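In: next comes the sequence, and after it the predicted model I'd like to discuss.
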Amino acid sequence: MTCKEVREYMLDAAQENPVAGLDEHLRSCASCAREMQSMRQTMALLDEWAAPEPSPYFDSRLRARVREAAAEPRGWLDWVRGPAVAFALALLMLASITIFRNAPDHQVAANPKPSPASVVQTGTAVSDLQELEHDGDMYANFDMLDDLGGETANP
């Protein structure tokens, strides 16, 4: 064992709990042996120590002080510490989370300027021409229409 490991187990060993390998190290290391002896003396002193008894009037004086503290007028900030405020804050947080989760997603466009096509009102001649131009581009790339173009229906 190293000195560091011995110091970790010293309290257990001072309370007469056996620790493997500790005795060998204490025989070879005078510094750890002195520290162990000091720890055992401290533990013996603590075993002999007795807590002082409280005075016979301790309980009655304590109850009187508690009654006095309860009878004192409270300040305007004491309501902050009450459970009603904690409940109100929890309710506020719950409402905020609910509103946040149910809010529609708003996406910000990369280009904040509106395109010319979005400025034109629907149902006007300009919007109809833009739609036809868009449809023409789509049909120009549609190979199936080329195949149907040669076949015409005869009435």
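Out: Arrived safely, thanks for sending.
In: low-confidence ranges in the chain?
Out: The model of the chain has pLDDT under 70 over residues 76-77, 79-80, 105-123, 134-155.
In: can you map out the helices along it?
Out: 3-14, 22-28, 30-48, 58-71, 83-102, 116-119, 125-140, 143-149 (DSSP state H).
In: make a markdown table out of those and add mean neighbour count.
Out: Yep, even glycine has a C-beta here, placed from its N, CA and C like the rest. Putting the helices of the chain into a markdown table (neighbours: other Cβ atoms under 10 Å) gives the following:
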| stretch | mean neighbour count |
| --- | --- |
| helix 3-14 | 14 |
| helix 22-28 | 14 |
| helix 30-48 | 12 |
| helix 58-71 | 10 |
| helix 83-102 | 10 |
| helix 116-119 | 9 |
| helix 125-140 | 11 |
| helix 143-149 | 9 |
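In: any idea how far the residue sitting nearest the centre point of the chain lies from Glu53?
Out: In the chain, the centroid-proximal residue (Cα atoms, centre = their mean) is Met93; its distance is 14.6 Å. Applying Cβ to Cβ, to the nearest Å, one obtains 50 Å for the distance of Met93 from Glu53.
In: got it, and Thr98?
Out: On the measure of Cβ to Cβ, Thr98 and Glu53 end up 58 Å apart.
In: cool, and Gln41?
Out: Distance from Gln41 to Glu53, counting by Cβ to Cβ: 26 Å.
In: now do Thr42
Out: Distance from Thr42 to Glu53, by Cβ to Cβ: 24 Å.
In: cool, and Ala20?
Out: From Ala20 to Glu53 the distance is 42 Å (Cβ to Cβ).
In: send me stretch 13-33 as CSV with only the CA atoms.
Out: Only the C-alpha atoms of stretch 13-33 are listed here, as CSV (Å, rounded to 0.1, in the frame of the first residue of the first chain):
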residue,chain,number,x,y,z
ALA,A,13,-8.6,1.3,10.8
ALA,A,14,-8.8,3.7,13.8
GLN,A,15,-12.3,2.4,14.5
GLU,A,16,-10.8,-1.1,14.8
ASN,A,17,-12.1,-2.2,11.3
PRO,A,18,-9.4,-4.4,9.7
VAL,A,19,-7.9,-3.3,6.5
ALA,A,20,-5.7,-5.7,4.5
GLY,A,21,-2.1,-4.6,4.0
LEU,A,22,-2.4,-1.6,6.4
ASP,A,23,-0.4,-3.2,9.2
GLU,A,24,2.6,-4.0,7.0
HIS,A,25,2.7,-0.4,5.7
LEU,A,26,2.4,1.1,9.3
ARG,A,27,5.4,-1.1,10.4
SER,A,28,7.5,0.3,7.5
CYS,A,29,6.4,3.9,7.4
ALA,A,30,7.0,6.0,10.6
SER,A,31,5.0,9.0,9.3
CYS,A,32,1.8,7.0,8.7
ALA,A,33,2.3,5.1,12.0
